[in-house]
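**Q** missing the sequence, but the structure's below:
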């Protein structure tokens, strides 16, 4: 039997409902509560339907990760397109998509993405989409930046803040967090950005002595 467009759309809608349900469960009850019985109940479908779309829990969590990657990439690309300033757009978009991106990535993005990523830490092959995404972003940030080192420092700070809060390692005062993000954004515009250190004229001889 050949599937028609209507069938494909229904399958896509059901798959989306299942992924939405899985996110709700993890956001509310944690990764350990993510079972096919719970997902099916949350989505309002039979357990067999859930298993038709995802034949094991690893397939479900991998699909969740892939959707997180797609959401972030879409938000990041949209932010770049909307930025009229030619330099450092990629790192500015990275700041916005990471810390101001809830309207684009969804209200559960940070918490659930962090939880699923942590759960897959012992399965590096399943995190390959995340690793590939990080490499793409870094390459774009370096190519677009007036100062690739400063842009990378900003990206590292953005990642560190996200990981600290997503994994419940630290909770910063909201006003201080907003001020830090504003400062990082200002640096991408050249506002009071740290200056590149002057290169030392000191040279080292072949025997290791400085001259």
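**A** Perfect, thanks for sending it. Please read all numbers here as calculations on a predicted model, not as lab measurements.
**Q** switch to C-alpha atoms for all contacts and neighbour counts from now on
**A** Noted.
**Q** domain-wise, how is the chain divided?
**A** As given by automatic domain parsing, the domain ranges for the chain are 8-55, 65-188.
**Q** dump these into a markdown table; add distance to residue 196 as well.
**A** Listed next are the domains of the chain as a markdown table, based on distance: least, CA to CA, whole Å:
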| stretch | distance to residue 196 |
| --- | --- |
| domain 8-55 | 42 |
| domain 65-188 | 8 |
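**Q** residue 195 is nearest to which of the ones you listed?
**A** Among the domains of the chain, domain 65-188 comes nearest to residue 195, with 8.9 Å by CA to CA.
**Q** from the chain's centroid, how far away is that closest one?
**A** 5 Å (CA atoms, centre = their mean, to the nearest Å).
**Q** then stretch 57-65?
**A** Mean-position distance between stretch 57-65 and its chain equals 16 Å (CA atoms, centre = their mean).
**Q** which residues sit against it?
**A** If you take CA atoms under 8 Å, 6 or more residues apart in numbering as the criterion, stretch 57-65 is touched by 19, 23, 35, 36, 54, 113, 116, 117, 126, 127, 129, 130.
**Q** may I ask which of these has the most neighbours?
**A** For the contacts of stretch 57-65, the largest number of neighbours (other CA atoms under 10 Å) sits with residue 23, at 24 neighbours.
**Q** shouldn't that residue be in contact with residue 111?
**A** No. Counting by CA atoms under 8 Å, residue 23 does not reach residue 111; the two are 9.4 Å apart.
**Q** now the domains of the chain in TSV, with mean pLDDT and distance to residue 194?
**A** As requested, the domains of the chain are exported to TSV (pLDDT from 0 to 100; distance: least, CA to CA, whole Å):
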stretch	mean pLDDT	distance to residue 194
domain 8-55	93	38
domain 65-188	90	8
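**Q** quick one: closest of those to residue 197.
**A** Going by CA to CA, the one of those nearest residue 197 is domain 65-188, 11.2 Å.
**Q** what residues of whichever helix or strand residue 179 is part of count as buried?
**A** Per DSSP states H and E, residue 179 falls inside helix 174-188. For helix 174-188, the buried set under the neighbour-count rule, 16 or more other CA atoms under 10 Å, comprises 181, 183, 184, 185, 187, 188.
**Q** can you tell me the helix or strand for the residue nearest in space to the middle of the chain?
**A** Centroid-nearest residue in the chain: residue 72, 5.6 Å away (criterion: CA atoms, centre = their mean). Using DSSP H and E, residue 72 sits within helix 57-82.
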